[in-house]
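Peer 1: Here's a sequence, model it:
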Amino acid sequence: MKELKPVYFALDFSSGSEALAFIQSHDLEGVPVKVGMELFYKEGAPFIAELKRQNHDIFLDLKLYDIPETVRRSMRNLAALGVDIVNVHASGGSRMIEAARQGLKEGAFGEQPLLFAVTVLTSMDEWTVRRELNVEASPKEMVSHYSRLAEAHGADGVVCSVHEAAMVKKETGLFTLTPGIRLPGGDTHDQKRTSTPEEAGIQASDAIVAGRPIRDSSAPADTYQTIKGDFLYGKQTADS
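Peer 2: This next block holds a predicted model:
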């Protein structure tokens with residue numbers, strides 16, 4: 001099984017060259033990174049290969065959501081890239097999650113990527129869930145349900161907000177990966193369910209994703225280390 005790292009730097013850049021230049025100019029070589037849809041759809045497999053060449057652990061955040069056979073074939077291709085984490089939307093259902101796991105098994109050379117299931121996006125709040133999606137359950141209830149579904153059908157972990165991480169750890173044996181991380185006093189932008197790195201550690205997140213706080217910092221490498229230190233301190237505090 002691939003190893004989960006504490007902090008993934010979200011490469012929220014418009015091109016691969018911009019992302020690589022940022023990494024190199026700010027002493028971020030080798031840090032674990034998250035590659036999302038914007039960057040992967042523009043740069044594709046060659047960019048992933050270059051990140052691997054530079055010894056980055058890679059969370060490929062594409063949030064697959066389709067019929068099971070399409071997801072199986074897609075995951076087979078993604079596994080062949082050698083990334084460390086991939087994900088699907090838990091709302092795709094049990095057969096889709098199982099198909100994703102099968103595709104990873106078919107495509108991986110050596111260790112399979114960790115499979116995470118996205119529960120409820122951190123950009124969604126209770127009003128959005130109830131009024132726009134017409135779902136009677138609260139976001140927390142949805143996360144609980146999707147987490148148990150994901151575990152039962154082969155996922156290694158879930159993507160959830162800090163506010164649900166402790167609940168997921170209590171109810172399942174899954175890893176918890178938390179986006180929506182902001183430094184104290186930082187702008188939340190389009191995120192609704194956010195938290196600080198220390199709060200994430202205290203609330204039992206196993207790993208976190210941070211993008212803007214690092215990218216927009218005047219000292220990105222120092223900010224990355226601060227976020228990592230705060231997160232690990234929070235985990236230590238919770239364990240003591």
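Peer 1: Where do the strands of this protein begin and end?
Peer 2: Using DSSP state E, the strands of the chain run over residues 7-10, 33-35, 58-64, 85-89, 114-118, 157-159, 175-178, 207-210.
Peer 1: and of those, who's closest to K169?
Peer 2: Closest approach to K169 among the strands of the chain is made by strand 175-178 (6.2 Å; C-beta to C-beta). In this view, the C-beta of every residue, glycine as well, is placed from N, C-alpha and C.
Peer 1: In CSV, list the C-alpha atoms belonging to that closest one.
Peer 2: C-alpha atoms of strand 175-178 as CSV (Å, rounded to 0.1, in the frame of the first residue of the first chain):
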residue,chain,number,x,y,z
PHE,A,175,-7.9,7.4,6.3
THR,A,176,-9.2,10.9,6.3
LEU,A,177,-7.8,13.5,3.9
THR,A,178,-8.9,17.1,4.5
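Peer 1: For it, enumerate the helices and strands it packs against.
Peer 2: Counting contacts by 3 or more C-beta pairs under 8 Å, 6 or more residues apart in numbering; DSSP states H and E, strand 175-178 is packed against strand 114-118, strand 157-159, helix 162-171, strand 207-210.
Peer 1: Quick check: which of these is nearest to L39?
Peer 2: strand 207-210 (13.9 Å).
Peer 1: Now do that closest one: which elements does it pack against?
Peer 2: Checking 3+ C-beta pairs under 8 Å, 6+ apart, strand 207-210 ends up next to strand 7-10, strand 175-178, helix 197-202, helix 220-239.
Peer 1: mind checking which of these is nearest G157?
Peer 2: So among the helices and strands packed on strand 207-210, strand 175-178 is nearest, using C-beta to C-beta, at 3.1 Å.
Peer 1: and the closest residue to E198 other than its chain neighbours, how many neighbours?
Peer 2: Ranked by C-beta to C-beta, 6 or more residues apart in numbering and with sequence neighbours excluded, the top spatial neighbour of E198 is G234, at 4.0 Å. Neighbours of G234 under the rule other C-beta atoms under 10 Å: 23.
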